[in-house]
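1. Fold the following.
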Amino acid sequence: MGIISWIFMGAIAGWLAHKITGPNGKKHGCISNILLGIIGAFIGGFIMSLLGGYGVTGFNLRSIIVATLGAVVLIWIGRSIKN
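-> From the prediction side, this is the model:
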């Protein structure tokens, strides 16, 4: 995937993850959502490989779901460490 695809998918996955996990009292901007989604794509790909599946394979719905899953896990870990 190209850098533009990673940025666009990261923005979607990061935004979805924030909507799924709910607000934590802070407002997050577009850049933090992009970074969250891109890092989430790596985490989601790792989780999927542990489960015998495939990670992010391109700009498609399945990859956005995997990236969102990873971003939700990342938010959950961050919140549990913070508290």
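
2. can we go C-alpha only for contacts and neighbour counts from here?
-> Will do.

3. quick one: which helix or strand includes W6?
-> Taking DSSP states H and E as the definition, one finds W6 inside helix 3-21.

4. So which elements touch that helix?
-> helix 30-50, helix 61-82 (3 or more C-alpha pairs under 8 Å, 6 or more residues apart in numbering; DSSP states H and E).

5. Adding mean pLDDT and mean neighbour count, write those helices out as JSON lines.
-> Below are those laid out as JSON lines (pLDDT from 0 to 100; neighbours: other C-alpha atoms under 10 Å):
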{"stretch": "helix 30-50", "mean pLDDT": "85", "mean neighbour count": "20"}
{"stretch": "helix 61-82", "mean pLDDT": "87", "mean neighbour count": "19"}
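
6. Adding distance to I12 as columns, could you present those helices in a markdown table?
-> What follows is the helices and strands packed on helix 3-21, written out as a markdown table (distance: least, C-alpha to C-alpha, whole Å):
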| stretch | distance to I12 |
| --- | --- |
| helix 30-50 | 7 |
| helix 61-82 | 7 |
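
7. who wins for proximity to A17 among the ones you listed?
-> helix 61-82 (5.1 Å; C-alpha to C-alpha).

8. Just the CA atoms from the closest one would do, formatted as PDB, please.
-> Below are the C-alpha coordinates for helix 61-82, written out as PDB (Å, rounded to 0.1, in the frame of the first residue of the first chain):
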ATOM      1  CA  LEU A  61     -13.000  -3.400   4.400                       C
ATOM      2  CA  ARG A  62     -11.300  -6.400   6.000                       C
ATOM      3  CA  SER A  63      -8.100  -4.400   6.500                       C
ATOM      4  CA  ILE A  64      -9.900  -1.500   8.100                       C
ATOM      5  CA  ILE A  65     -11.600  -3.900  10.500                       C
ATOM      6  CA  VAL A  66      -8.200  -5.500  11.400                       C
ATOM      7  CA  ALA A  67      -6.700  -2.000  11.900                       C
ATOM      8  CA  THR A  68      -9.600  -0.900  14.000                       C
ATOM      9  CA  LEU A  69      -9.300  -4.000  16.200                       C
ATOM     10  CA  GLY A  70      -5.700  -3.300  16.700                       C
ATOM     11  CA  ALA A  71      -6.400   0.400  17.600                       C
ATOM     12  CA  VAL A  72      -9.100  -0.600  20.100                       C
ATOM     13  CA  VAL A  73      -6.600  -3.000  21.700                       C
ATOM     14  CA  LEU A  74      -4.000  -0.200  21.800                       C
ATOM     15  CA  ILE A  75      -6.500   2.200  23.400                       C
ATOM     16  CA  TRP A  76      -7.500  -0.400  26.000                       C
ATOM     17  CA  ILE A  77      -3.800  -1.100  26.900                       C
ATOM     18  CA  GLY A  78      -3.100   2.600  27.100                       C
ATOM     19  CA  ARG A  79      -6.100   3.200  29.400                       C
ATOM     20  CA  SER A  80      -5.200   0.200  31.600                       C
ATOM     21  CA  ILE A  81      -1.600   1.400  32.000                       C
ATOM     22  CA  LYS A  82      -2.700   4.900  32.800                       C
END
